[in-house]
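K.L.:
Build me a model from this:
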Amino acid sequence: MPNTTPKLNGEIPDQDVPTKAPFSLDLSTFFVDDDGDLLGYHVKTTSGLEQLPAWLSFDNKTGLLSGTPVKTDVANIDLTVMAYDDLNSIVSDDFRLTVTHENVEPVLVTSLADQLLD
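P.N.:
As a prediction, the model looks like this:
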């Protein structure tokens with residue numbers, strides 16, 4: 001039986017990730033190989049950078065993308081995900097990861113009494 005190229009099992013939707021919240025996305029669920037080949041995965045930015053932001057990690061064997069961003073990580077990150085089989089047949093999809101931060105107003109814990117200056 002000839003090798004078949006892996007294919008998309010549905011487009012990867014864009015993701016919104018709030019700061020200080022753990023993020024996890026199993027990218028392997030978006031790819032399938034009809035002849036049952038074990039797939040490997042690769043992620044890079046759409047601009048071609050191989051290095052992901054420091055807060056974001058990726059397991060190329062399982063396809064798990066995860067991390068917890070902080071306020072300084074707020075950005076739009078455009079990613080290309082590639083799935084490949086043992087014969088290097090490749091399929092890919094792009095999606096946007098948007099790190100957001102909601103500014104929370106300070107809360108008054110203790111009221112201050114009026115002060116009189118002499």
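K.L.:
burial count for T29?
P.N.:
For T29, the tally of surrounding residues (other C-beta atoms under 10 Å) stands at 11. C-beta coordinates here come from the backbone N, C-alpha and C atoms, glycine included.
K.L.:
can you give me phi and psi for the residue lying closest to it once chain neighbours are set aside?
P.N.:
Distance criterion C-beta to C-beta, 6 or more residues apart in numbering; nearest residue to T29, sequence neighbours excluded, is N9 at 6.8 Å. With angles defined as degrees, to the nearest 10, N9 sits at phi -100, psi 30.
K.L.:
now the strands for the protein?
P.N.:
Along the chain, counting by DSSP state E, strands occupy 7-8, 15-18, 23-26, 31-32, 40-45, 56-59, 64-67, 75-84, 90-100.
K.L.:
how about a markdown table for those strands, with mean neighbour count, distance to L112 and mean pLDDT added?
P.N.:
Shown next, in a markdown table, are those (neighbours: other C-beta atoms under 10 Å; distance: least, C-beta to C-beta, whole Å; pLDDT from 0 to 100):
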| stretch | mean neighbour count | distance to L112 | mean pLDDT |
| --- | --- | --- | --- |
| strand 7-8 | 13 | 60 | 96 |
| strand 15-18 | 15 | 33 | 97 |
| strand 23-26 | 14 | 40 | 98 |
| strand 31-32 | 20 | 59 | 96 |
| strand 40-45 | 17 | 49 | 96 |
| strand 56-59 | 16 | 43 | 97 |
| strand 64-67 | 17 | 41 | 98 |
| strand 75-84 | 18 | 39 | 96 |
| strand 90-100 | 17 | 34 | 97 |
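K.L.:
Reformat these as JSON lines; add distance to D118.
P.N.:
Shown next, in JSON lines, are these (distance: least, C-beta to C-beta, whole Å):
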{"stretch": "strand 7-8", "distance to D118": "76"}
{"stretch": "strand 15-18", "distance to D118": "49"}
{"stretch": "strand 23-26", "distance to D118": "56"}
{"stretch": "strand 31-32", "distance to D118": "75"}
{"stretch": "strand 40-45", "distance to D118": "63"}
{"stretch": "strand 56-59", "distance to D118": "58"}
{"stretch": "strand 64-67", "distance to D118": "56"}
{"stretch": "strand 75-84", "distance to D118": "53"}
{"stretch": "strand 90-100", "distance to D118": "49"}
